[in-house]
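Q: Turn this into a structure:
(chains A and B)
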Protein chains: 2
Amino acid sequence: MKQSFTDRLAAIRQRKNSVLCVGIDPDPDKLPPSLSGVGSIPDQVSKFSKEIILSTASSAAAFKFNLAFFEALGKSGWTVLQDVLASVPSDVLTIADAKRGDIGNSARFYAKALLEDLPFDAITLSPFMGCDSVVPFLGYAGKAVFILARTSNSGGSDFQTLLVNGEPLYMNVARQALTWSTGLPGIVGLVTGARDTAALASLRKLCPNTPFLVPGIGAQGGRVDLVMQAAGFGPILVHSSRAIIYSSSGEDFSSAASVAAEKIRMSLQEAHHKSIRAS
Amino acid sequence: MKQSFTDRLAAIRQRKNSVLCVGIDPDPDKLPPSLSGVGSIPDQVSKFSKEIILSTASSAAAFKFNLAFFEALGKSGWTVLQDVLASVPSDVLTIADAKRGDIGNSARFYAKALLEDLPFDAITLSPFMGCDSVVPFLGYAGKAVFILARTSNSGGSDFQTLLVNGEPLYMNVARQALTWSTGLPGIVGLVTGARDTAALASLRKLCPNTPFLVPGIGAQGGRVDLVMQAAGFGPILVHSSRAIIYSSSGEDFSSAASVAAEKIRMSLQEAHHKSIRAS
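A: Purely as a prediction, here's the structure:
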């Protein structure tokens, strides 16, 4: 029987002392000038992404690929994504940051494209269309879906924190989403941003064994110590992108990314140990 | 100055007597066997989609492309989508059914890929991540975003109808979404399914001049007469896919699609005239 996503995550955390998820968000406007001789923009994106992966893999528990940047490459996008994904070592999980949400056949086609053909270990999904927009992604053993619950962007408060029966909508999302995997091999995880640690703590209390994907530390203002404290002992991936992949725009971009990733990995470990000592 | 999406929609409705949006959802498992000699699956999808477009364009106000089916073609997907999109006559609007929702740079990249590079006239978006996930799509004159408000799938009731301050979440979504285009050239439209005509009527009352995209007639159980009555005089596109594009699996698939599309166009017109006579 295939190991579940949660078990794979736990094994990686144990072995690599890492909960760091490195974001592969290759914005053509931010690539190091030293890559401009490499060829076309898609070639540059491919080379940049692969070098970042090679140099940060030892510190990373997961890589999250932002599909927008690959789709923006037009007809080369899929091939570049496929090539870059294939360069990820087997001891790092891969997440397609797609934030899709569709139903019936459409969901089945997206699921096949992203969890089977490519193949990612997990995908981010919007909950807005409900159960039948998520279930088709839960048919894959060893894989997970991360449902948006409380996102770290400013608009995240437009609807997610509205009160429904006396509690924020994101709690309702989590409560329902947890039931969607019943009888299915896939795992339901949640996306909950680093800036709202009260939401993170409430969600952890509601679902102690659910994998959390936590964006928003660093540039977006979330604090590592508060995040790791709120997350407690449960499974977690803490996401960082810009602070790692764009830490240098010089020729040393990959070694600088390596140093930055290791620094964040260590700060997450320290924060975790400090919080368990205090608890 | 470029004509707004709403004005273009009104002009087409006037000229073609049509509010029909034909769904281009090319499922490889449902293609007519007569196309199997055409070549690869992507070639078959391309030929099928183009023939459907050619044969239904005179009855259609818009074509909605379900991007899942094109993404499932892997590396050929983008090229096929580009080719098929280019075959749409200029008097039919095009909608990318993407149901995306992402923020900042990611949203900007999706917007550029789908409203500029390809280029669609409109895109469907999920509201769950709020204002900053939609605004980047509203920077394009002549274009529109259709925000999911009340979807016609069974899971549409999981969150969209939850009560927030005494009214369903979809009303709150509409109320907020309408403000997002302030000062921007793009138009905010809403997706509201045919099965919940009470929701459709409430939304129309709230926003009489907002374009509605209404899926769910036919196979999904929505009634044309009730939809057109609830929609009143406001701008609307009523979506139908399977009942048109798969109306025959024989060699006559395109002529059968043409007949089916014209029949639905006429039933929508009749229902509209009946409802205005009764009002």
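
Q: Around chain B, which positions in the stretch 151-279 of chain A sit nearby?
A: Within the stretch 151-279 of chain A, the positions near chain B by CB under 8 Å from any CB of the partner chain are A:151, A:153-160, A:162-165, A:169, A:172-173, A:176. Quick note: C-beta positions are derived from backbone N, CA and C, even for glycine.

Q: interface residues of the stretch 1-150 of chain A facing chain B?
A: Remark: the part of the stretch 1-150 of chain A in contact with chain B comprises A:25, A:27, A:66, A:68-69, A:71-72, A:74-75, A:77-79, A:82, A:97, A:99-107, A:109-110, A:112-113, A:117, A:126-134, A:148, using CB under 8 Å from any CB.

Q: Give me the buried entries from those residues.
A: Using 16 or more other CB atoms under 10 Å in any protein chain shown as the burial test, those include A:25, A:27, A:66, A:68-69, A:71-72, A:74-75, A:77-79, A:82, A:97, A:99-103, A:105-107, A:109-110, A:112-113, A:117, A:126-134, A:148 as buried.

Q: Of those, which belong to helices?
A: Helix and strand membership here follows DSSP state H; of these, those in helices are A:A68, A:F69, A:E71, A:G77, A:W78, A:T79, A:Q82, A:N105, A:S106, A:A107, A:F109, A:Y110.

Q: State the pair within the residues you listed that is farthest apart.
A: Set against one another by CB to CB, those have their most distant pair in A:F69 and A:N105, with a gap of 26.9 Å.

Q: Narrow the residues of the stretch 151-279 of chain A next to chain B to just the buried residues.
A: Buried subset of these (neighbour count, 16+ other CB under 10 Å): A:151, A:153-156, A:158-160, A:162, A:164, A:169, A:172-173, A:176.

Q: Report the two of those residues separated the most.
A: Taking CB to CB as the measure, those span a maximum distance of 25.1 Å, between A:S154 and A:Q176.

Q: Strands - which of the residues of the stretch 151-279 of chain A next to chain B land there?
A: Residues of these located in strands (DSSP state E): A:L163, A:V164.

Q: Check the burial of A:K205 by counting its neighbours.
A: A:K205 is surrounded by 12 other residues when neighbours are defined as other CB atoms under 10 Å in any protein chain shown.

Q: Quick check: it vs A:A230, distance?
A: Using CB to CB, to the nearest Å, one gets 10 Å for the distance from A:K205 to A:A230.

Q: what comes up buried for the longest helix along chain A?
A: Ordering each helix of chain A by length in residues (DSSP H) puts helix A:253-278 first. Of all the residues in helix A:253-278, those buried under the rule 16+ other CB under 10 Å are A:253-254, A:256-262, A:264-265, A:267-269, A:271-272, A:275.

Q: Quick check, A:L268 in contact with A:G222.
A: No - under the criterion of CB atoms under 8 Å, A:L268 lies out of contact with A:G222, with a separation of 11.7 Å.

Q: Relative to B:P215, which of the buried ones among the residues of the stretch 151-279 of chain A next to chain B is nearest.
A: Closest approach between these and B:P215, by CB to CB: A:F159, at 21.3 Å.

Q: hang on, that closest one packs against B:F128?
A: Yes - distance between A:F159 and B:F128: 6.3 Å, which falls inside the contact criterion (CB under 8 Å).

Q: which intervals of chain A have sub-threshold pLDDT?
A: In the predicted model, chain A carries pLDDT under 70 at residues A:1.

Q: Just give the nearest non-adjacent residue to the spatially most central residue of it, would you?
A: Note on chain A: the residue nearest the mean C-alpha position is A:K64, at 4.5 Å, using CA atoms, centre = their mean. With CB to CB, 6 or more residues apart in numbering or on different chains as the measure, A:I95 is the residue that lies nearest to A:K64, at 4.3 Å, once sequence neighbours are left out.

Q: For that neighbour, which residues are in contact?
A: Remark: with contacts taken as CB atoms under 8 Å, 6 or more residues apart in numbering or on different chains, A:I95 is in contact with A:21, A:62-65, A:120-124, A:146, A:213, A:237.

Q: Could you report the neighbour count for the nearest residue to A:L148 once chain neighbours are set aside?
A: The shortest distance from A:L148 to any residue other than its chain neighbours is 4.8 Å, reached at A:V191 (CB to CB, 6+ apart). Burial of A:V191, expressed as a neighbour count using other CB under 10 Å, amounts to 27.

Q: With the one 5 residues further on instead?
A: Using other CB under 10 Å, A:D196 has 23 other residues around it.

Q: That one touches A:S152, doesn't it?
A: Yes - in this structure, A:D196 is within contact of A:S152 by CB under 8 Å, at 7.4 Å.

Q: Any chance you could list what contacts the helix or strand hosting A:L54?
A: Assigned by DSSP states H and E, A:L54 falls within helix A:41-56. Residues outside helix A:41-56 that contact it (CB under 8 Å, 6+ apart): A:22, A:24, A:26, A:28, A:31-32, A:35-36, A:38, A:63, A:69-70, A:73, A:76-77, A:79-80, A:83-84, A:87-88, A:244-245, A:253-255, A:257-258, A:261.

Q: nearest spatial neighbour of A:V164, skipping sequence neighbours?
A: Of all residues beyond its chain neighbours, the one nearest A:V164 is B:L162 (4.7 Å), with distances taken as CB to CB, 6+ apart.

Q: Surely that neighbour touches A:M171?
A: No - here B:L162 lies out of contact with A:M171, judged by CB under 8 Å, at a distance of 11.5 Å.

Q: Nearest residue to A:C207 in space, ignoring adjacent ones along the chain?
A: Computed as CB to CB, 6+ apart, the closest residue to A:C207 that is not its neighbour in sequence is A:L178, at 5.7 Å.

Q: how deep is that neighbour tucked in, by neighbour count?
A: Other residues lying near A:L178 total 16 when counted by other CB under 10 Å.

Q: Phi and psi next, for it.
A: Phi and psi for A:L178, reported as degrees, to the nearest 10, are phi -60, psi -30.

Q: Can you name the residues that contact it?
A: Contacts of A:L178 were listed using CB under 8 Å, 6+ apart, and they are A:V188, A:L206, A:C207, A:T210.

Q: Equivalent analysis for A:L31, please.
A: For A:L31, the residues meeting the contact criterion (CB under 8 Å, 6+ apart) are A:Q44, A:V45, A:F48.
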